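In: What would the 3D arrangement of this be:
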Amino acid sequence: MSKQTNTPNFCQGIQHFGEKWPDFDARTAQAAIAEGQSAIADSADANSVYQTLLAADALRYLTLQVTGSKGSGHPGGFASSAEAHASLMMLGHTNIVTEVGHHAPGFYSSMFLDGSLEDMGIQNMDDMMQRFREQHGLLGHLSGAIPGLLAPAGPLGQGQHFAMAGAYLHRDKLFPVTIGDGGMGEPYVLNSMMHFHVAYPEVTNFLPCLIWNGYSQEHHSMVSLHDNQQMLAYWQGHGFEEVILIDAREFDDSDQQGAYVDSSRFSLPQRLAFTRAVLQGIDRAAKSAMGGKLTAFIIKQLKGTGVHTVGAKSHNLYPADTLDQPHIIDGLKRRALPIEAWQLVRDNLRRAGGGPAAKTVVTEGQLTFTPLPTFEMQDFTKGEKAVPATAMGALVAQMGKSDARYVVTNADGNEASAMKNINDALKIRHPTQDPLYNQEPNGQVYEPLNEDACAGFAAGLALFGSRSIWLSYESFAINGWPIMQTVAQAMAELRRKTPSIVSMFTAGALEQGRNGWTHQRPEIENYFAAMMRNGNTYPLFPCDANAIQVAYEYATGSYNKNMVIIASKSPLPVYLSVDEARQAFEHGAATIYESAGGSKGTVVFAVTGDMIFLPVFEAKDQLENAGYKVRIVAVVNPRRLYRPTDIAWDTVAEPDGTFMSNAQFNTLFDGNMLLAVSGGPSAALEPVLLRTRAAQRDTFCWKRGETTATPAEIMAFNGITADNMVTRVNATLAHN
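Out: Got it, this is the predicted structure:
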C-alpha cells in the first residue's frame, strides 16, 4: 500500500491507496450506471453490488480523511450508514435529507464524489480538506447552501419535516431521510410522520432510513437494547406498513460479539452479501414508498464501521486525532481503495439521479411561485374596535383559495385564536369529515397537536419553495421555534429565491390571565428580537386590525426572510388606516397620536404591541392634563429602525438595506423623555433605545406571569399601568 502519483485530478490530496480487491477487474470493467443512465439497472446484479460497496468504502475513506485533516468533525455515525447511502445513490435516489447534522462530512464526501462541490471551487481532496469546517467552506453541520444538499441539519428531530415537505411538493420523486438511533429520543420524529400520514395518506414518497448503530454521541443509544422485533413493532406502531430491516449480524463471519457488528471486518464475500441485502432492501423500500405504502428502511450495524474506531468513541474527532496519528493512518489504510476504483466511483455517482446533485435535486431549481392574490382588505375606521387575528384570517383564507399548495399549520386551534374564518374557508385536513368542525380529508389546515410538527412542515415548505404559515399561541411557540431558526439561517445562505417563513402568534400574555403563567410566555419575543441582527428576521408588531392585514401582505410577499407577526385576538381600537399602515411597515414605525401642545415638555411613547396601547392612552390623558405634550409611536417593524451597521443585512440572500434615516427617526422619537413600552419584553425596542436622543429614557415591559381575571390585572401585576407611567415621567422630569 503506497501513495501513487498517476491519480485523477480530483484525487489530489488522497493520502493512501490500496490493492485491488479479488475479482476487481472483472467486476469493474464497466461502470454499473452506464453513461446516459441515472441508476443501476438491477439491484441483484453482482457488478452493481460490488461497485456499491466500493462507493460505500470511498465515502468512509473521504469522511475519515477530511475530518482527520482538521482533527475535528464527526465520522462515526455516517460510517455506519455508508452502504445505505451508497445504495440510495446507485439506485438514483439523490434527493436525500438527514436529521443528523453529525453526518455532514459523509454528505460532503458524496457531493465531492458526484462533482457537486466543484460549484464552490472544490476541485480535489486538498481543496475539500482546506475548506472543511472553515468560513465560506463546508460548515460542521449541513447547510442547504452547499451545492447538492437540500436542507440544513443541526438539532436532532428536524430532518423528517424536510423529507415530508419535499414529498408533498414533488409527488414523483423519493425523499429519503436518514435518522440516527441516537436521535430517536427526540420526541416527535415518528409521531410527526404518523400524523402526516393520517393527514396525507396519498403522500408516501418519503423514506425514513434508520441508521441503527447502538450509540449516540457519547453513550449507547436509548434504543440499543431493543431487539429486531421490538424495533419493527415500534415503526409499525406508528403506521408504517412496510418496514425493511437489514442486520449486519446475520452476515458476520468474523465472530464478533454483541448485537451490533462492524461489517468491514467480514470477509469480502460476506461484505458483498451484506451490501447486496442493503441494496436490494433499499430498492424494495423505495418501490414500496413510491407505490403508495408508508415505508421505512433500517440498517443495523455498529457505529464507526470501517473508520478509526467503533462505538461512541468514533463519533467525534479531537485535536489529537490528526492525519499523522497511527490510529487515523491505520483506519485510512484499511479503507484505502485501489487507484482504479476512484474514477469508477465518481463516474457512477456523477450519473446517479441524472447528474451531479448540484444540478438535479429539487432545491437546486426554483419552484414556480403561485402568484399572490390581490388581497381584499377591510379598511376599518379609525377609532372603531376590531379583532386583529380575525382580520388577518380573512387574508389567509384568500391566500389559500388562490394557491392549492398553501398550508396553514396550527396545533392549538384557529377557532381558539379568533381565526375560525380560516377553517371556514380552507377546512381542517382530517380523515373524519364533519362540517360542524370544518373537517375535510382535503383541507389546507394541518393540525398536528405539537408545535414541532406545525413549525417543521411550514418551515420545510417555505425552504423548498412554497408558501405556508404557522399559527400558534405565543406562549407555545418556543416548542417549535428551533426549526424556524434553523430554516431562517438556511434561507439567509441560499443561492435561490424562496418564499419567506411566515408565522403569526396570538393570545399573548395580556390576553391569558385566566390561564395563568402557562399561557404567559412572551419572553420568546427576546428570541425574535435577537434574531433581527441576523439580517433576515423581522418580528412584526401590528398595532391594530388594519396593520395586521398589512403585516400579512408584507410578510407573504417577501422572500428568504423570517417574518413573525405578533397580535391579539381581542377587539381593540383601530389607530391607522390601511394606507398609513403600509407606510408604517415600510418605514418601521408611525405616529398614531400627538398632542397639539404642552408647556412642560414632550413625552414620547415607543410601543410594540396592540392591547398595550390601552394603558398608554390612559397615561396620555393624565400627562396632557398635567401640561405635557405626548407623542405615541407604534413600532411595527423594529428591524427597520436599527442602524445599517447593527444588522448583518448585506450578508444574506435577498438583502434588505432599507433603514430609517436619522432625520425621520428623530422626528418620531425626539422628546424630553422616551418611554419604551411593550406587553412583552423590551428587547424588540432596542433599536429605539440605541438611537434616541432623548436625555431621559425608561422602559415598561413584561416581568412574569400570574393568574388574573383581566388583561388590566396582569398588566398591573407587571407594573404596566397608566399611573405608574405618569409617576415615572413626573419623577424623572421633575429632577431635570
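
In: domain parsing for this protein?
Out: Listed by automatic domain parsing, the domain ranges of the chain are 9-364, 385-733.

In: Mean pLDDT, mean neighbour count and distance to residue 379 added to these, as TSV?
Out: For glycine as for every other residue, the C-beta is placed from the backbone atoms N, C-alpha and C. As requested, the domains of the chain are exported to TSV (pLDDT from 0 to 100; neighbours: other C-beta atoms under 10 Å; distance: least, C-beta to C-beta, whole Å):
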stretch	mean pLDDT	mean neighbour count	distance to residue 379
domain 9-364	96	21	35
domain 385-733	95	21	5
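
In: To residue 378, which of those domains lies closest?
Out: Of all the domains of the chain, domain 385-733 sits nearest to residue 378, with 6.5 Å by C-beta to C-beta.

In: wait, which of the domains of the chain is closest to residue 374?
Out: domain 385-733 (9.0 Å).

In: so can I have JSON lines of the domains of the chain showing distance to residue 370?
Out: Output for the domains of the chain, formatted as JSON lines (distance: least, C-beta to C-beta, whole Å):
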{"stretch": "domain 9-364", "distance to residue 370": "12"}
{"stretch": "domain 385-733", "distance to residue 370": "4"}
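
In: Minimum distance to residue 371: which of those has it?
Out: domain 385-733 (7.7 Å).

In: Between its first and last residues, how far does the closest one reach?
Out: From its first residue to its last, domain 385-733 covers 34 Å (C-alpha to C-alpha, to the nearest Å).

In: if we can go back for a sec, out of the domains of the chain, flag the one nearest residue 372.
Out: domain 385-733 (5.8 Å).

In: just how off-centre is the closest one within its chain?
Out: Its chain's average C-alpha position is 21 Å from that of domain 385-733, according to C-alpha atoms, centre = their mean, to the nearest Å.

In: Look at residue 147 and tell me its secondary structure.
Out: Applying DSSP: H, G, I helix; E, B strand; the rest coil to residue 147 yields a three-state assignment of coil.

In: how about the domains of the chain, which one is nearest residue 376?
Out: Of all those, it is domain 385-733 that lies closest to residue 376, at 6.5 Å by C-beta to C-beta.

In: Who's the closest spatial neighbour of residue 651, skipping the chain neighbours?
Out: Nearest residue to residue 651, sequence neighbours excluded (C-beta to C-beta, 6 or more residues apart in numbering): residue 535, at 5.8 Å.

In: Apologies, that question was intended for residue 310.
Out: Here the residue nearest residue 310, using C-beta to C-beta, 6+ apart, is residue 304, at 3.7 Å.

In: Residue 335 too?
Out: For residue 335, the spatially nearest residue (C-beta to C-beta, 6+ apart) is residue 61, at 4.2 Å.

In: Return the residues in contact with the one you found.
Out: Contacts for residue 61 (C-beta atoms under 8 Å, 6 or more residues apart in numbering) come out as 14, 16, 332, 335, 336, 337.

In: Kindly report the same for residue 557.
Out: By C-beta under 8 Å, 6+ apart, the residues touching residue 557 are residue 372.

In: can you map out the helices along the stretch 151-300 of the chain?
Out: Along the stretch 151-300 of the chain, the stretches classed as helices by DSSP state H, counting those that start in this stretch are 159-169, 189-199, 228-236, 268-290.

In: helices or strands up against the longest one?
Out: When you say that, I think you mean helix 268-290. helix 46-68, helix 82-90, strand 206-212, strand 242-247, strand 295-300 (3 or more C-beta pairs under 8 Å, 6 or more residues apart in numbering; DSSP states H and E).

In: Could you double-check that residue 531 lies in contact with residue 537?
Out: Yes: judged on C-beta atoms under 8 Å, residue 531 makes contact with residue 537 at a distance of 3.8 Å.

In: joint contacts of the two?
Out: Shared contacts of residue 531 and residue 537 (C-beta under 8 Å, 6+ apart): 488, 562.

In: secondary structure class for residue 723?
Out: Here residue 723 is helix, with the state taken from three-state DSSP.

In: mind checking how far it is from residue 629?
Out: Residue 723 sits 20 Å away from residue 629, going by C-beta to C-beta, to the nearest Å.

In: Same question for residue 71.
Out: 64 Å.

In: now residue 195
Out: Distance, residue 195 to residue 629, by C-beta to C-beta: 56 Å.

In: ok, now residue 406?
Out: In terms of C-beta to C-beta, residue 406 sits 47 Å off from residue 629.

In: before we move on, what about residue 635?
Out: As judged by C-beta to C-beta, residue 635 and residue 629 stand 19 Å apart.

In: tell me the contacts of residue 682?
Out: Residues near residue 682 by C-beta under 8 Å, 6+ apart: 676, 689, 699, 701.

In: Give me the subset of these that lies in strands.
Out: In strands, judged by DSSP state E, the following of those are found: 676, 699.

In: What segments of the stretch 401-550 of the chain are helices?
Out: Counting by DSSP H, counting those that start in this stretch, the stretch 401-550 of the chain has helices at residues 420-426, 451-463, 481-493, 524-531, 545-556.

In: Are there helices or strands packed against the first one, and which ones?
Out: Contacting helix 420-426 under the criterion 3+ C-beta pairs under 8 Å, 6+ apart are the following elements: helix 388-402, strand 445-446.

In: now swap in the fourth one and tell me
Out: In terms of contact count using 3+ C-beta pairs under 8 Å, 6+ apart, helix 524-531 is assigned the packing partners helix 481-493, strand 537-540, strand 562-566.

In: contacts for that helix?
Out: 474, 477-478, 481, 485, 488, 505, 537, 539, 562, 564, 566, 638, 678, 680-681, 683-684, 686.

In: relative orientation of it and strand 562-566 in degrees?
Out: The directions of helix 524-531 and strand 562-566 differ by 150 degrees, with axes from the mean of the first three to the mean of the last three C-alpha atoms, to 10 degrees as the criterion.

In: now the angle from helix 524-531 to helix 481-493?
Out: Comparing the axes of helix 524-531 and helix 481-493 via the same axes, to 10 degrees yields an angle of 20 degrees.

In: hey, C-alpha coordinates of helix 524-531 in CSV?
Out: Taking Å, rounded to 0.1, in the frame of the first residue of the first chain, the C-alpha atoms of helix 524-531 are listed here in CSV:
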residue,chain,number,x,y,z
ILE,A,524,-39.8,34.4,23.2
GLU,A,525,-40.0,37.9,21.8
ASN,A,526,-36.5,38.3,23.1
TYR,A,527,-35.5,35.4,20.8
PHE,A,528,-37.1,37.1,17.8
ALA,A,529,-35.5,40.4,18.7
ALA,A,530,-32.0,38.9,18.9
MET,A,531,-32.5,37.2,15.5
